[in-house]
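Undergrad: Got a predicted model here, sequence first, then my questions.
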Amino acid sequence: MMRSSTSAERASRPLVLGWALAAALVTGCQDDGKTSQKHAAELCAKLAPVVAEDVRQVRTGLPAGSQKLAELTDVDPGANLLALQRAIAGARASVKDLQVAKGTFFSFADPSGTVLRSEADPDMLANRSVLAAFPELRKVLAPGSGVVEAFGEMQEMRGVRNGPDLQWVAVHPVQGSGSELKGLFVTGWSFRAYAYRLQEAAKHEIAELAKRDGLKSIPLLYVFAWKGAKAYGGPVTPDVNTEALEKLDLSAKTASGPWSGTVEITGRTFGAAAQRTPELAPDAGVAALVSTL
């Protein structure tokens, strides 16, 4: 004969169910943290080769583009700025690597380093000296120089209106028929704008990872480009996310290889990962924050 439940047993059931629900929620949060961490690490592993290829395109394409630019520009490139703008576009179009290069600016500067014209409008760099803003680039003036690169900050190269930013700039001499220096071909990218590009590229990947792992929704994603102790997210990345990532000391964590872990930001658990991109710089890399919803 089945024993009927006592009043004490019936009273304990809500408490037992509450414990079970709490345990399930804790387990779910732990699983979300592990899944988010795994996704962040997988994304960084996919994005690091993208950065390497983007850097290669600039380094390979700039010499050929400079040669073509020399052919397309007038004896006095600054005499007709509209023609110079068309020449920059034509030089890019003639070199496959530059056609697809992810530079956020392509400009022609005179031998003193002052930009005469950029490909894009509005031309924020016009009449600004890249050699004054990036003194290391002066090496390009040495006879026989090739591609010269530098990191630094220039207001007119910013990828966002406010907040910290950093630029990677590459230049190559544009030589006339008599080997005289005609000017400089200048390109590169803002870290904030480049981080946005990487984040957009990663959206398809995170959707595929979510589908693969049977998630009901696509995780929240932020991608960063970093150098040294500073990280740079896209234009709408919350500052608190960037600050939390910087506190992790990504340079130290990736000293022996790719790193991943979890971090709590404003009550939400994120999977975090970072990987170096030595093709850009020894202390540069990509990072991702992922949170399953």
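TA: Arrived safely. Numbering: from 1, shown residues only.
Undergrad: For A132, grab the count of nearby residues.
TA: 13 (other Cβ atoms under 10 Å). From N, CA and C alone the C-beta is placed, and that goes for glycine too.
Undergrad: and the helix or strand it falls within, what does it pack onto?
TA: Applying DSSP states H and E as the criterion places A132 in helix 130-133. Counting by 3 or more Cβ pairs under 8 Å, 6 or more residues apart in numbering; DSSP states H and E, the packing neighbours recorded for helix 130-133 are strand 105-109.
Undergrad: Any buried residues in the following helix or strand past the strand it packs on, and which?
TA: Counting by DSSP H and E, the next helix or strand C-terminal to strand 105-109 is strand 115-118. By 16 or more other Cβ atoms under 10 Å, the buried positions in strand 115-118 come out as V115, L116, R117, S118.
Undergrad: For my notes, confirm V160 occurs in a helix.
TA: No: the assignment for V160, made by DSSP: H, G, I helix; E, B strand; the rest coil, is coil rather than a helix.
Undergrad: residue ranges with poor pLDDT in this structure?
TA: For the chain, the stretches with pLDDT under 70 are 1-32.
Undergrad: Now the two most distant members of the buried residues of strand 115-118.
TA: Across the buried residues of strand 115-118, no pair lies farther apart than L116 and S118, at 8.8 Å, counting by Cβ to Cβ.
Undergrad: any shared contact partners between those two?
TA: Shared contacts of L116 and S118 (Cβ atoms under 8 Å, 6 or more residues apart in numbering): S107, F108, A126.
Undergrad: out of these, who has the most neighbours?
TA: Within these, most neighbours by other Cβ under 10 Å means S107, with 30 neighbours.
Undergrad: so that one sits right up against L125, yeah?
TA: Yes: using Cβ atoms under 8 Å, S107 makes contact with L125 at a distance of 5.2 Å.
Undergrad: can you pull the alpha-carbon coordinates of stretch 247-259 into CSV?
TA: C-alpha atoms of stretch 247-259 as CSV (Å, rounded to 0.1, in the frame of the first residue of the first chain):
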residue,chain,number,x,y,z
LYS,A,247,43.6,44.8,-16.3
LEU,A,248,44.3,41.2,-17.4
ASP,A,249,47.7,42.2,-18.8
LEU,A,250,47.3,40.5,-22.1
SER,A,251,51.0,41.0,-23.0
ALA,A,252,52.1,39.0,-20.0
LYS,A,253,49.4,36.3,-20.4
THR,A,254,50.3,35.6,-24.0
ALA,A,255,54.1,35.6,-23.4
SER,A,256,54.2,31.8,-23.9
GLY,A,257,51.3,31.4,-26.3
PRO,A,258,47.5,32.0,-26.7
TRP,A,259,45.6,32.6,-23.5
